[in-house]
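S.K.: Just to be clear, the model below is a prediction. Sequence and coordinates:
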Amino acid sequence: MNRSTIFLRGAGGFSDSSRPYSYTTYPANQISRISIPNSAPSAVYEDQTQQSQALLYRLSGDYNPLHSDPMVAQVAGFTRPILHGLCTLGFAARAVIKSFCNGDPAAVRNIFGRFLLHVYPGETLVTEMWVDGQRVQYQTKAKERDRAVLSGYVLLKHI
């Protein structure tokens, strides 16, 4: 199953106001709650995104100008183009794979991520990971801003 929500900053007026979004309206078996442990992480992986990262990621087929055009990014409320969310998720998944799977992506069964904040191309991503059985919880931060940008878990077939 693939579930997504899109936020359009500053947009609205499409219909009558609706109730605020809440996970309480979802069936319990379709909710993945993530709470970052208070303990020290089992592993930390740091990786640098490239200034050209969003332009290269466009080759995946996502040509949204938010990721390449400074004017569009400004209109959307950003100081410059932002990195694709799925690219950020890829960095987090790679951190788990390199840290716990000996670089073997076939060891991954499932990936869950919640996007918390945008990433600018060129930022350093620091992924903190906690092992809980075959589940690796993670939190990825933009080092330069010391802000969490992504959290979630990766379910592994084996560690």
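M.R.: It's in. Numbers count the residues shown, from 1 in each chain.

S.K.: residues making contact with whichever strand or helix holds Leu56?
M.R.: Following DSSP states H and E, one finds Leu56 within helix 53-57. If you take CB atoms under 8 Å, 6 or more residues apart in numbering as the criterion, helix 53-57 is touched by Gln50, His67, Ser68, Pro81, Ile82, Leu83, His84, Leu86, Cys87, Pro121, Gly122. Bear in mind the C-beta positions are built from the backbone N, C-alpha and C, glycine included.

S.K.: Setting aside sequence neighbours, what's the nearest residue to Gly113?
M.R.: Counting by CB to CB, 6 or more residues apart in numbering, Gly113 lies nearest to Gly152, which is 3.7 Å off, once chain neighbours are set aside.

S.K.: dump the residue contacts of the one you found.
M.R.: Applying CB under 8 Å, 6+ apart, the residues near Gly152 are Ser32, Ile34, Leu89, Ala92, Ile111, Phe112, Gly113, Arg114, Gln137, Tyr138.

S.K.: ok, now Lys141?
M.R.: The neighbours of Lys141, taking CB under 8 Å, 6+ apart as the test, are Leu125, Val126, Thr127, Glu128, Arg147, Ala148, Val149.
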